[in-house]
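Student: Need a 3D model of the following:
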Amino acid sequence: MSMMDQDILKVLYTQEEIAARVKELGDQMYKDFEGKDPLFVSVLRGAFIFMADIVRACQVKSDVEFIAVSSYGNATTSSGAVQITHDIQQDISGRNLVVIEDILDSGNTLSFLKQYFLTKGAASVAICTLLDKPSRRTKVITADYIGFTVPDEFVVGYGLDYAQKYRNLPYIGVLKPEVYSGE
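Tutor: Alright, predicted model coming up:
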């Protein structure tokens, strides 16, 4: 048991459950993108672990890119204002993009990114999210590929963080409220 495990209220998805679901998603994406040379775009930092696993699970010829955006800072809820802090480095005109995100909750970030990439000339923009939290949605957006649907609880692990911590947990767990509420 690590020191971080003490801060976890409960495990929602084990390392094994995540691996099985990633394989299923990769198989589906292979069928959908075979011969289309997709560009996988990871939303940093939360999606980097999921991105590595999903790209290996989806055995199509592809390329990867990274974009960093901010709408949270160290808060537990989105400010609603999305800022690009690191943009992709290549021309995406006519490309089929697959945006890889750790969690779709308010929808602010993914709604912004989908429109941004289409404006930059992407042929299509599919969204693959590890977690979907529909109870928090404020924008009308849905993911094309969903790992798991989660309740409105503060989740960490497998790339998801609180104040840049807990990303390296091999599972997805619910953070104890006293950890982020300062009690």
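Student: for residue 57, what are its contacts?
Tutor: 22, 23, 25, 26, 27, 29 (Cβ atoms under 8 Å, 6 or more residues apart in numbering). C-beta coordinates here come from the backbone N, C-alpha and C atoms, glycine included.
Student: Now the buried members of those.
Tutor: Buried members of these, scored by 16 or more other Cβ atoms under 10 Å, are 22, 25, 26, 29.
Student: Among the residues you listed, name the ones in helices.
Tutor: 22, 25, 26, 29 (DSSP state H).
Student: Any stretches of the protein with poor pLDDT?
Tutor: Applying pLDDT under 70 to the chain flags the ranges 1, 72-80, 182-183.
Student: all strands in it, in order from the N-terminus.
Tutor: In the chain, the segments counted as strands under DSSP state E are 8-13, 39-44, 63-70, 83-86, 96-104, 124-132, 145-149, 155-156, 172-175.
Student: Let's see the second one as PDB, backbone CA atoms only.
Tutor: Provided in PDB are the C-alpha atoms of strand 39-44 (Å, rounded to 0.1, in the frame of the first residue of the first chain):
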ATOM      1  CA  LEU A  39      -3.800  11.600 -35.700                       C
ATOM      2  CA  PHE A  40      -4.200  10.900 -32.000                       C
ATOM      3  CA  VAL A  41      -4.100  14.100 -29.900                       C
ATOM      4  CA  SER A  42      -3.600  13.700 -26.200                       C
ATOM      5  CA  VAL A  43      -4.900  16.400 -23.900                       C
ATOM      6  CA  LEU A  44      -2.100  17.000 -21.400                       C
END
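Student: Given that strand, what are its sheet partners and their directions?
Tutor: strand 63-70 (parallel), strand 96-104 (parallel) (DSSP bridges).
Student: Likewise for the shortest one?
Tutor: For strand 155-156, sheet partners with direction are given as strand 172-175 (antiparallel), following DSSP bridges.
Student: How far away from the center of its chain is the strand it pairs with?
Tutor: 15 Å (Cα atoms, centre = their mean, to the nearest Å).
Student: Out of the strands of the chain, the one nearest residue 2 is which?
Tutor: Distance to residue 2, taken as Cβ to Cβ, is lowest for strand 8-13 among those, at 9.7 Å.
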